[in-house]
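Undergrad: return atomic coordinates for the entry below.
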Amino acid sequence: AQADFLRGVAWLHSFGYEDAIDAFRAAQKLDPSFALAYWGEAMSFSQPLWFYEEVPQGRAALAKLAPTPEARIAKAKTAREQGFMRAVEALFGDGDTAKRAAAHAAVMSKVAREHPADDEAQTWYALALLATLPRGDEAVPIRRQAGEIAEKVFARNPNHPGAAHYILHAYDHPSLAARSLPAARAYAKVAPAASHALHMPAHAFLQAGFWDEAAASDEASWNASIAWAKRRGLSIASRDYHSL
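TA: Modelled structure (predicted):
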């Protein structure tokens, strides 16, 4: 089940949620006891940087593994994996979106502290922090924190999709945008089939005044979304009109 699981994680890092769900469900079918495969499916129903979540679906994905949070966490094979399971249980626990996002970030902070050299622990913590951002300039300190975490991963693994991606989101602010240019130049090459990965560099290029690069990023993203919708048999409504 590992190959399907890793494919799901890769899609999830680039916000290819539908493809991620397919991959995680394929991993579950091959190994119904694989706890992190249910973690991944549940995470696919949390889309914090798009201000969207499907809480019932996330909870239902977790419930397929076991009926209670305690039982689900116990099915994870290692302490590290149990940390990820505790985090997703917090994300789909009680409370409103902001409360659950804060609880998720708190658990991921612990996982990241315990595994400082673990690319996945660090990048998922960076995303968890970004899910807690207030609006406007008040978000800058958290943006810096998340961006610096992702930059450390990017420095040792420039092909990590989450590292490049979350740098771009963290530094998507006029005071920080210049710091995201190395990630902007790398990300599209890391995940060329993901429309969102092709689009995100435009955020940095636009703020730097690199108009041709921004336009090329969005055109590539639009074309990739046409191919993606065709591959999945979806209507033209599923294309990435944001990039267009």
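Undergrad: low-confidence ranges in the protein?
TA: The model of the chain has no residue with pLDDT under 70.
Undergrad: where do the strands of it begin and end?
TA: 46-47, 52-53 (DSSP state E).
Undergrad: winner for burial among the ones you listed?
TA: Highest mean neighbour count of the strands of the chain: strand 46-47, a mean of 20 (counted as mean count of other C-beta atoms under 10 Å). Every C-beta, even on glycine, is put in place using the N, C-alpha and C of the backbone.
Undergrad: contacts for that one?
TA: For strand 46-47, the external contacting residues (C-beta atoms under 8 Å, 6 or more residues apart in numbering) are F15, Y17, E53, G58, L91, F92, A131.
Undergrad: swap in 10 Å and give it another go.
TA: With C-beta atoms under 10 Å, 6 or more residues apart in numbering as the test, strand 46-47 has contacts from 12, 15, 17, 52-55, 57-58, 88, 91-92, 97, 100-101, 104, 127-128, 131.
Undergrad: which among those residues count as buried?
TA: 12, 15, 17, 53-54, 58, 88, 91-92, 100-101, 104, 127-128, 131 (16 or more other C-beta atoms under 10 Å).
Undergrad: of all the residues you listed, which comes closest to S195?
TA: Nearest to S195 out of the buried ones among the contacts of strand 46-47 is F15 (C-beta to C-beta; 9.1 Å).
Undergrad: from the buried ones among the contacts of strand 46-47, which ones fall inside helices?
TA: Per DSSP state H, helices hold the following members of those: L12, Y17, G58, V88, L91, R100, A101, H104, L127, A128.
Undergrad: returning to that earlier point: closest one of the buried ones among the contacts of strand 46-47 to L65?
TA: Distances from L65 to the buried ones among the contacts of strand 46-47, taken by C-beta to C-beta, are shortest for V88, at 10.6 Å.
Undergrad: now for that closest one: which residues touch it?
TA: 35-36, 38-43, 46, 58, 61-62, 69, 72-73, 104, 107-108, 124.
Undergrad: mind doing that once more with 8 Å?
TA: Contacts of V88 by C-beta under 8 Å, 6+ apart are W39, A42, M43, G58, L62, H104.
Undergrad: repeat that for P201.
TA: L168, A183, A184, R185, Y187, A188, E213, A214, S217.
Undergrad: list of residues touching stretch 214-225?
TA: Defining contact as C-beta under 8 Å, 6+ apart, one finds that stretch 214-225 is touched by 188, 192-196, 198-202, 205-206, 238-240, 243-244.
Undergrad: how about stretch 53-67?
TA: By C-beta under 8 Å, 6+ apart, stretch 53-67 touches 28, 35, 38-39, 41-47, 69, 71-72, 74-75, 88-89, 91-92, 97.
Undergrad: how far off centre is the lengthiest helix in the chain?
TA: Taking DSSP H as the criterion, the chain has its longest helix at helix 211-231. In terms of C-alpha atoms, centre = their mean, to the nearest Å, the gap separating the centre of helix 211-231 from the centre of its chain is 20 Å.
Undergrad: residue nearest the centroid of the protein?
TA: In the chain, the residue lying closest to the centroid (C-alpha atoms, centre = their mean) is H13, at 3.9 Å.
Undergrad: next up, the contacts around that one.
TA: Going by C-beta under 8 Å, 6+ apart, the list of residues near H13 reads T123, H160, P161, G162, H165, A191.
Undergrad: pull the most distant pair out of these.
TA: Longest span within the contacts of H13, C-beta to C-beta: T123 and A191, 13.4 Å.
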